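S.K.: No letters, just coordinates:
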């Protein structure tokens, strides 16, 4: 509890006031001199905005059963959710969309993603595929990302935000790995193709066999999830940022990527 309070930048007094308890009692809970009720654990978890996975861990540490289930994605209970994911991915064609878990491991993708991964090292597409590694690895998409520097900054900032929320050590290791990758030759100068116009968002600008593609991305989550696995799933959809990209994607998709 102390670790999460400090991570969320609460003082003991601030957190105690937020959950309507005395600072003394909170101090005793953190020191293990008192044990919280199940309701108090959930109130503290909600105030600290803990992910469902960490709320379960907090309950277990206090001697209570987890509040949220954690089923495999293949479980029968996920049939409706899997259908939603499939429809989102399929309905987004001919533009790329993919679903990932909390560690950015690929769960599924639509056929248009082939247009982005064409020419990528087979090793990066074998086994558990991490889409952030795929994006920034020298043998991944890095050499084809025109605006590599701003896109890299976006990826690292987003991953750092995930770490702030979850405190997942595997994400810390992934962040260190991504930071260690060399900058592609085309992005070594001050300009890497990203300057020259005002932007409302950081696009993904990618060279392809059909010419230059420019996408804006959106993120979709299950906002009412009460299962740990479902709460971790994110669908990333890439929309064409201009008519040229829309036309090129339609042609690539019709040609089989």
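M.R.: Cool, got the structure. Small disclaimer: the values here were computed from a predicted structure and weren't measured.
S.K.: where does the stretch 151-257 of the chain have low pLDDT?
M.R.: Applying pLDDT under 70 to the stretch 151-257 of the chain flags residues 189-199, 256-257.
S.K.: Sketch out the strands for it, chain order is fine.
M.R.: Assigned by DSSP state E, counting those that start in this stretch, the strands in the stretch 151-257 of the chain fall at 204-208, 211-221, 234-240.
S.K.: Also the stretch 1-150 of the chain?
M.R.: For the stretch 1-150 of the chain, the strands identified by DSSP E, counting those that start in this stretch occupy 97-100, 106-109, in order along the chain.
S.K.: who does the first one touch, helix- and strand-wise?
M.R.: For strand 97-100, the helices and strands in contact under the criterion 3 or more Cβ pairs under 8 Å, 6 or more residues apart in numbering; DSSP states H and E are helix 79-92, strand 106-109, strand 234-240. For the C-beta atoms, the positions are set from N, CA and C on the backbone; glycine is no exception.
S.K.: The same query, at a cut-off of 6 Å, please.
M.R.: Secondary structure elements in contact with strand 97-100, counted by 3 or more Cβ pairs under 6 Å, 6 or more residues apart in numbering; DSSP states H and E, are strand 106-109, strand 234-240.
S.K.: Those strands: which one's closest to residue 218?
M.R.: The minimum distance between residue 218 and the helices and strands packed on strand 97-100 falls on strand 234-240, with 5.1 Å, by Cβ to Cβ.
S.K.: Within the sheet, what are the partner strands of that closest one, with directions?
M.R.: Neighbouring strands of strand 234-240 in its sheet, by DSSP bridges, are strand 97-100 (antiparallel), strand 211-221 (antiparallel).
S.K.: Let me know which of the ones you listed is the nearest to residue 21.
M.R.: strand 211-221 (31.1 Å).
S.K.: next one: that closest one to chain centre, how far?
M.R.: Taking Cα atoms, centre = their mean, to the nearest Å, one finds the center of strand 211-221 at 14 Å from the center of the full chain.
S.K.: count of residues packed around the nearest residue to residue 225 once chain neighbours are set aside?
M.R.: Closest residue to residue 225 apart from its sequence neighbours, by Cβ to Cβ, 6 or more residues apart in numbering: residue 231 at 3.9 Å. Number of residues near residue 231 (other Cβ atoms under 10 Å) recorded here: 19.
S.K.: Correct me if wrong: residue 231 contacts residue 221.
M.R.: No - here residue 231 does not reach residue 221: they are 7.8 Å apart, not a contact under Cβ atoms under 6 Å.
S.K.: For residue 74, grab phi and psi.
M.R.: Note on residue 74: its backbone torsions stand at phi -80, psi 0 [degrees, to the nearest 10].
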